[in-house]
Structure formats: structure tokens, C-alpha cells
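J.: Sequence and computational prediction follow.
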Amino acid sequence: MASETTTETFDTSAYISHHLQNLVYGKLPEGYERVEDGHHEVLEQASWTWAHSAQEAADMGFNALHVDSLAWSFGLGVIFCLLFASVARKASSGVPAGLQNFVEMIVDFVDGNVKDMFHGKNALVAPLALTIFVWVFLMNFMDLIPVDLIPKIMEAFGIHYQKIVPSTDPNITLGMALGVFVLMIYYSLKVKGPIAFIKELSCQPFAPPTKGPAIILAPLLIAVNLFMEIVGLLAKPFSLGLRLFGNMYAGEMIFILIATMFVGGLSFWFVLGGLLQIGWAIFHILIITLQAFIFMVLTVVYLSMSHEEH
Amino acid sequence: MELVIVAAAIMLGLGALGAAIGMGLLGGRLLEGTARQPELAAMLQGKMFLLAGLIDAVPIIGVGIAMYLIFVVAPSVA
């Protein structure tokens, strides 16, 4: 019994790790020893290459590109742009039907939310919110595609690693959050002006005294304020990116775990696994939409905060 | 290996506990608010879903990390 379970759990963990490994193109250092099908190969010079194992991908360190995440997220962005652009070009002013109706519904929904939550004047925010909402939704939607389908097809073409949900890659979600952060800083500086922005960071929440003998406490209070506000400012993009990543990663993990029930062939577990997979997928429709919505709302709220003048 | 599984159990349990209390408060207050002012129901429900998503994130992330610990880290430690 004991030996049986150990071999099976080993299999399971290898399966899961394989599913969580990105397709990586990166730079291996000089003198790196590659082991492939039993024969050793030593690289004479540092070179850009595909990673053949998780260990190689890890050894590439910083010089590594997650090609699958990049390709899928870029492709989904292109799909979003082409779809919405074609609908906009063909839009009729009569009673809308089919796809046009659907697109108008999304645009109306996002526009209504931005109007409710954004109080500044900026023509960029609504299109940004729409892009974020639809793009994040599409990236999350890849989670609903059966976990083994596309990796197996890719394997037939000789590509051994494929992670098709870009939002389960922290590089993608934190990258988007970083983009939002840059916009936040830019509009804070532009709308409030650098001095008001620094004042906002240093004179809240404890107002430093400006006169009387208590003025000697002012530098201390400013330092405390600065520390608290900067931590708060940096926590925003960090939590924004990690929230999306964590949710999608956990969801994907559960899909993969349920998929391990299919290992034994047609049996009770197979059927149960199928039912669980469907059940989780239906519940996941709520999560992926909600997470896309939350990412959009928080982006709009953060940008609204950087447009507020006190 | 046992410690990794205990860690995962604590992670799941405490995450679920906190989120359950939060969800309970949130749902209860939504019902109170809607009973007091039924015309605000739609607006309140939208906000409730947003907050439910924010609360939901914490235990779900915990579940993800716990699953990783149980099925990937624990077997490789043993």
C-alpha cells in the first residue's frame, strides 16, 4: 500500500509541475552543462535557446522570456481589437442584432461604471477600462479550455511546455499592474502637480504642526507619513497584480488536480472527475468575470484617486 | 513532509474561517440594507459582488498555495 501511493503521488506531482511550467526562451550561461536523453553537452559560450526542462528554465534566471504567455496574451489582445473594431465599423444605428448588441452591452456596462466611479476629466480612462476588462476576461477565459487539450496538440508538434492561461503567469498580471501604476504616477504629477503630490504623500494622515514649539516634531511626522503613504502607494499595484494571479493560479491548479483523476482510465473516479471538472468550470465562469471586473474597477478607482485635487 | 501538510491545513482552515466571517457580515448587511431601502437593491448588489470578489481572493489564493504544497512540495520533500 505504502509503496503504491508513493509512486502514484510522484506521478501526480510530475504531471502538475509539467503543467505549471512555461515555455521559456532564454539565455544559458557560458559553460552550462546540458543533459539531454543521457548525453551531456557543455555550452562553449552563453547562448539564447529554448529551455528543455524546468531546471534549465530556472537556471536562465533573469534572461528568460515566457514565450507562451507573451504569445497568448498578445494574440488575445489582437482578437479583442479586431473583433471590436469590426463591430464598430459595421455598426448600424437601427435596432442592433447579435454581436453588435453584445459589444454595445459591454461598452455600455464599462462606460456606466467609469461614469459612476471616475470623477476627473480624462478621455483615456474609459477606453483603458474597456481594454482591461475585455483583455483580462479573455486571458482568464483560457482557463475554461480543458487543461490537456492545447498542451497535447502542441506536444504533437514538438513543443513540450505550454501554459495557455496568461493570467496564471505573475509576469503578465504584475506587468499590467505596473502599467496602471505608471499611469497613476503620471496623472498624479500632471493633474495635481509635483508639489501637491509630494505634499499629499508627506502631510497625511498626521498633519505636521506649522507653528509653535511643536514644530520640532514636524520632520518626525513627515517621515512617518512618507513611510506609510509610500507603502500604501506601492501596495496598490502589487495587490492588484497578485490578486488576479492568485485567483487564476488557484483555479488552474484545481482544474489540473481534477484532471489527475482521469489517470486510471474509465472508472468511478473518471466519471466523478468529469462531473467535478464541469462543476468547477461553471463556478469558474463567475470567478473569471468577477476578477476581470475587479481589476477594471480598481484601475478606475486608483486613477480617479490620482485625479483628485484637495 | 508532515509539517508541509499541517502548514497547508492551517492555511486552508484559517483562510476559509476569515473569508466565511467576512462573507457572512457582507451578506447580512446587504440583506439589512435592502430591507431598509429596497430601491437601492441593484446598486447594493453590484457593490456586494465587487467586495465578495475581493474577499474571495484571499482564501482562493490560500487554496492554490496549499494545493501546491500538498501535491508538489510535500512529495518532493519526503
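T.: Structure received. Bear in mind that the values here come from a model prediction, so they are computed numbers and not experimental data.

J.: Contacts only, for A:M142.
T.: A:72, A:76, A:164-166 (C-beta atoms under 8 Å, 6 or more residues apart in numbering or on different chains). All C-beta atoms are positioned from the backbone trio N, CA, C, and that covers glycine.

J.: Repeat that for A:H119.
T.: Contacts of A:H119 (C-beta under 8 Å, 6+ apart): A:304, A:307-308.

J.: Can you lay out these as CSV showing distance to A:I172, secondary structure and neighbour count?
T.: Listed next are the contacts of A:H119 as CSV, based on distance: C-beta to C-beta, whole Å; DSSP: H, G, I helix; E, B strand; the rest coil; neighbours: other C-beta atoms under 10 Å in any protein chain shown:
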residue, distance to A:I172, secondary structure, neighbour count
A:S304, 25, helix, 17
A:H307, 27, helix, 18
A:E308, 30, coil, 12
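
J.: Tell me the one of these nearest chain B?
T.: Nearest to chain B among the contacts of A:H119, counting by C-beta to the nearest C-beta, is A:S304 at 14.7 Å.

J.: Buried among the contacts of A:M142? Make that a PyMOL selection.
T.: The buried residues among the contacts of A:M142 can be selected in PyMOL (16 or more other C-beta atoms under 10 Å in any protein chain shown) with this line:
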select buried, chain A and resi 72+76+164+165+166
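
J.: Identify, from the contacts of A:M142, the entry nearest to A:N140.
T.: Nearest to A:N140 out of the contacts of A:M142 is A:V165 (C-beta to C-beta; 7.3 Å).

J.: Would you mind listing the residues in contact with the one residue in chain B that gets nearest to chain A?
T.: Nearest residue of chain B to chain A (C-beta to the nearest C-beta) works out as B:G64 at 2.8 Å. Shown in contact with B:G64 (C-beta under 8 Å, 6+ apart): A:246, A:249-251, A:253-254.

J.: Mind picking the lowest-pLDDT entry from the contacts of A:M142?
T.: Within the set of those, pLDDT is lowest for A:I164 (88).

J.: That one contacts A:P151, doesn't it?
T.: Yes. Contact criterion C-beta atoms under 8 Å: A:I164 and A:P151 qualify, at 7.5 Å.

J.: For the spatially closest residue to A:S188 that is not a sequence neighbour, give its distance to chain B.
T.: Nearest-residue entry for A:S188: A:S306, 4.1 Å, with adjacent residues in sequence omitted and distances by C-beta to C-beta, 6 or more residues apart in numbering or on different chains. With the distance defined as C-beta to the nearest C-beta, to the nearest Å, A:S306 ends up 20 Å from chain B.

J.: Fine by me, thanks again.
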